[in-house]
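*Asks:* just coords:
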């Protein structure tokens, strides 16, 4: 049986017509945003206008049949579809981040390629350029942003905004930060199922006072998972930055990540590729380059796939030291810091180019 994704379930449910008007139940927005996928078990709710709707039983039965027929007979769905009415179902916010102009995902096909380092330093570089920046650490099972910004021991507080209690992001180096790392024991593993992790992320997005931001960066988990789909479905992501090393193993996984975002079920623009750990340069000899993980692998992959190569970031000891000490290297005045400033400019340009190709009503407002 193929891996289950929410959009795969929704595609099957588009074959279920509501008898009252002949439209499918997805088109009528009758599927509540509470879908849970745990292995081959799927559960969700169908919303009806009133509890006395005469078609409740037949629609639920048809939904079960559609999933078993169009996806797999091995799916555990029988009895897992709940029924709600419009009065019971909460209103879906049209945009959980109305004050945010651009949402940028930072992703990688595998762990260990420096994705969080790139996300953190890109955020700082954008803030240094005068933009209002937020950074969400969405790597639920390996949150590292709190350590990289030196705020591991900070406590989160809430305040009331227009009658709602909202989480106040931590602010450091001009960047507003939130991470699941702030609310779990940093010395213990996070043992959550996909649904719990998705709900935690939604809360950090929608129940936080992010305010007005020019750029909202999301440090995504490595690989491809339910979390990526949750983020894509919850937010209108402007585009994604893919991070890889020049190593062939990393490039193979980066290719899969790019394919996921460009696929019909996700369909998020790729802003470009960052080649991290492109070479090693000893601090005493800044003109020397040693290609430890291979040479220009991400450069060639970008050419092959027709995506932008945004930057090549070298390995220097100060990058690791800065991350461990809570002081991102982009806060300094060095050659490597300038690499991240260059990356920030390339990301801004990529978004500008994307906006010029969109219809006028779809363009994202930009700060200049």
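*Replies:* Nice, thanks for sending it over. No experiment lies behind these values; they were computed from the predicted model shown.

*Asks:* use CA for all of it now, contacts and neighbours both
*Replies:* Noted.

*Asks:* Which residues belonging to the longest strand seen in the chain are considered buried?
*Replies:* Looking across the chain with DSSP state E, the single longest strand is strand 270-280. Within strand 270-280, the residues that count as buried by 16 or more other CA atoms under 10 Å are 270-280.

*Asks:* And stretch 102-112, by the same measure?
*Replies:* For stretch 102-112, by 16+ other CA under 10 Å, it's 102-111.

*Asks:* Ok, stretch 63-70 next?
*Replies:* Quick answer for stretch 63-70 (16+ other CA under 10 Å): 63-68.

*Asks:* Redo the residues you listed as JSON lines? Include pLDDT, distance to residue 23 and secondary structure.
*Replies:* Listed next are the buried residues of stretch 63-70 as JSON lines, based on pLDDT from 0 to 100; distance: CA to CA, whole Å; DSSP: H, G, I helix; E, B strand; the rest coil:
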{"residue": "63", "pLDDT": "94", "distance to residue 23": "14", "secondary structure": "helix"}
{"residue": "64", "pLDDT": "95", "distance to residue 23": "17", "secondary structure": "helix"}
{"residue": "65", "pLDDT": "95", "distance to residue 23": "17", "secondary structure": "helix"}
{"residue": "66", "pLDDT": "94", "distance to residue 23": "15", "secondary structure": "helix"}
{"residue": "67", "pLDDT": "93", "distance to residue 23": "18", "secondary structure": "helix"}
{"residue": "68", "pLDDT": "94", "distance to residue 23": "20", "secondary structure": "helix"}
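
*Asks:* my guess is residue 302 contacts residue 309, does it?
*Replies:* Yes: under the criterion of CA atoms under 8 Å, residue 302 lies in contact with residue 309, with a separation of 5.8 Å.

*Asks:* and for those two, which residues touch both?
*Replies:* 272-273 (CA atoms under 8 Å, 6 or more residues apart in numbering).

*Asks:* Helices along the stretch 101-250 of the chain, start to end?
*Replies:* Using DSSP state H, counting those that start in this stretch, the helices of the stretch 101-250 of the chain run over 115-128, 145-148, 194-206, 226-234, 248-262.

*Asks:* Quick check: which of these is buried the most?
*Replies:* When you average the neighbours per residue for each of those (mean count of other CA atoms under 10 Å), helix 115-128 leads with a mean of 26.

*Asks:* quick one on the thing from earlier: counting only strands, which of the buried residues of stretch 102-112 make the cut?
*Replies:* 102-108.

*Asks:* so which one among these has the lowest pLDDT?
*Replies:* The weakest per-residue confidence within those falls on residue 108 (86).

*Asks:* Who are the packing partners of the longest helix seen in the chain?
*Replies:* Criterion DSSP state H: the longest helix present in the chain is helix 335-357. Secondary-structure packing of helix 335-357 (3 or more CA pairs under 8 Å, 6 or more residues apart in numbering; DSSP states H and E): helix 115-128, strand 270-280, strand 309-315.

*Asks:* now the ones you listed in JSON lines, with mean pLDDT and distance to residue 231?
*Replies:* As requested, those are exported to JSON lines (pLDDT from 0 to 100; distance: least, CA to CA, whole Å):
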{"stretch": "helix 115-128", "mean pLDDT": "94", "distance to residue 231": "16"}
{"stretch": "strand 270-280", "mean pLDDT": "90", "distance to residue 231": "15"}
{"stretch": "strand 309-315", "mean pLDDT": "90", "distance to residue 231": "23"}
